[in-house]
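Peer 1: Pasting a predicted model and its sequence here:
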Amino acid sequence: MRRLPRTIGIVAAVGVAALLVAACGSSSSSSNASAGSTTSAVNIASSTGSKVCPYKFALITHGDNGSFWSVVYKGAKDAAADLGCTLTETYGSQQQGQAEPDDNAENAQIQDAINAHVDGMAVSDHDPSLMNPTLAKAAAAGIPVVLLNAGCDDQDIAASGALTCVGQPEQLAGEASGVYFKKLGSTNVLCVIHQSGQNLLDRCNGIAQGLGVGTQCKTGKAPSSGPACTELTLSTPNAASNPQQAIGQVTSYLQTNPGINAVMTLNNAIGTALITSAPASKPKIATFDLNSGVQQDLQNGSMAFAIDQQQYLQGYLPIVFLDLYKRKNGQSVGGGTTVASGPLIVTKSNIGKVSAAIAAGQD
C-alpha cells in the first residue's frame, strides 16, 4: 500500500457485514489452493436457507500462503461462507520462499478473471503501473473491483476504476511507530527492509515523520544519537523466509552503529528472530504484524510493540463490499478513497485483547 491523503473508518462497514450475514445463508465448505496456482472455483454456497448468494468473486493477490496472507485468505473465505457466495480463489503470485512477488503473473490472473466473467474482484494492486490498465478493463466490462492491501492510494483507486481499497495506510502506520518510539525515549531508529516495495519505504518514511526528522528515512551510516531514522535494506535472498540468515546483517550493523537504540522490522519473522539473537546493544525492538511468536514476545516484554494492520479485514470486507454492490443496486462503500484496516499499536498491556483473534487465525 502507498501513501493516501484520506481514510474512512470501518465501523459502519462491519455493521453492514453483520446485516448481510443475517440475510444470507452460509456453510464451511472450502479448499486450499497452492501458492501461484491458476484460478480454481471454490463453492462456498449455502446449503441452508432458501436464498443463496448467486455471485462468483475472484480473489487475486501478490502474496503467498504464509502466516500473513493465510489470514487474508481466511477472511475472504469466511465472508464468502457467511454470505453464501462462491469464491474463486486465485492465490498469490509469490510462491512461498520466493524473494519477490511475480507481478506479471498476478496481472495475467486479473485478465483470466475478466475472461471468466466473474461477478467481482478483490485484488491487491501491487504494481499499479502494470495492473491499473487491466483493472480498468474489468471495471469497463461491468465487473466491480475492490482493492486490498496494496493500491490504497486515491490516485490508484481512481486509475484502476475500483470502488475502494481496504488496507493499512502505510505512512500513517510508520508515523504512529515513530511517535511511539519517541514516547519510549528510543529515537535513533533503524528501519529494516526485507524486500522491495513502495509500501515498505512508506513505513520507514512515516517513522521519520513521527520522530520529527523530515519526510524520509535516511540510508547509510546511522548518527551517534537521535532523533533519526536510518534504513537498512537486507541483501539476503528470501529474507522473510530465512530470517536467521538475515539477522547477521542486522546485528553486524548494530555493532558498527552503536548509537541505534530502536529497531523496527517490517516483517514479524525477522522481528522475532532478532529478539532471539539478543543484540548486545539491547535496542527496543518492534515489528509489523502479529503472530504467535510476536504475541509471546509482547507478553514477556522482550518486544516493545507491534503494528497490527488487521489483515483479516483486508480479506473479509472486500467480499462484503462486492456482495453489497451487486445485491443492492450498486451501493458502494469508500467513496473512492481507502477504508482503513489499521494501524493498531499492540503492546504488552493490550495483547490480551487480540490474542483470541490470533488463536482463531484472524490476526
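Peer 2: Ah, there it is. Since the structure is predicted, the reported quantities are computational estimates derived from the model, not experimental observations.
Peer 1: What pLDDT does the model give the residue nearest the centre of the chain?
Peer 2: In the chain, the residue lying closest to the centroid (CA atoms, centre = their mean) is Asn149, at 4.6 Å. We have a pLDDT of 90 for Asn149.
Peer 1: correct me, but it touches Leu313?
Peer 2: No: between Asn149 and Leu313 there is no contact under CB atoms under 8 Å: 10.4 Å. Quick note: C-beta positions are derived from backbone N, CA and C, even for glycine.
Peer 1: Kindly export whichever strand or helix holds Ile247 (C-alpha atoms) in CSV.
Peer 2: Assigned by DSSP states H and E, Ile247 belongs to helix 243-256. Output in CSV follows, covering the C-alpha atoms of helix 243-256 (Å, rounded to 0.1, in the frame of the first residue of the first chain):
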residue,chain,number,x,y,z
PRO,A,243,15.2,-14.8,8.8
GLN,A,244,18.1,-16.4,10.6
GLN,A,245,20.3,-15.8,7.6
ALA,A,246,19.3,-12.1,7.6
ILE,A,247,19.8,-11.5,11.3
GLY,A,248,23.6,-11.5,10.9
GLN,A,249,23.4,-8.4,8.7
VAL,A,250,21.2,-6.6,11.2
THR,A,251,23.4,-7.4,14.2
SER,A,252,26.5,-6.5,12.3
TYR,A,253,25.0,-3.1,11.5
LEU,A,254,24.1,-2.6,15.1
GLN,A,255,27.6,-3.4,16.2
THR,A,256,29.1,-0.8,13.9
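Peer 1: any idea where the helices of the stretch 151-300 of the chain begin and end?
Peer 2: Secondary structure of the stretch 151-300 of the chain by DSSP state H, counting those that start in this stretch: the helices cover 154-160, 170-184, 198-211, 243-256, 268-277, 292-299.
Peer 1: what's the answer for the stretch 1-150 of the chain, then?
Peer 2: So, for the stretch 1-150 of the chain - with DSSP H, counting those that start in this stretch - the helices run 11-23, 67-83, 103-115, 128-140.
Peer 1: any idea which of those is most buried?
Peer 2: Comparing the helices of the stretch 1-150 of the chain by mean neighbour count (mean count of other CB atoms under 10 Å), helix 67-83 comes out on top with a mean of 24.
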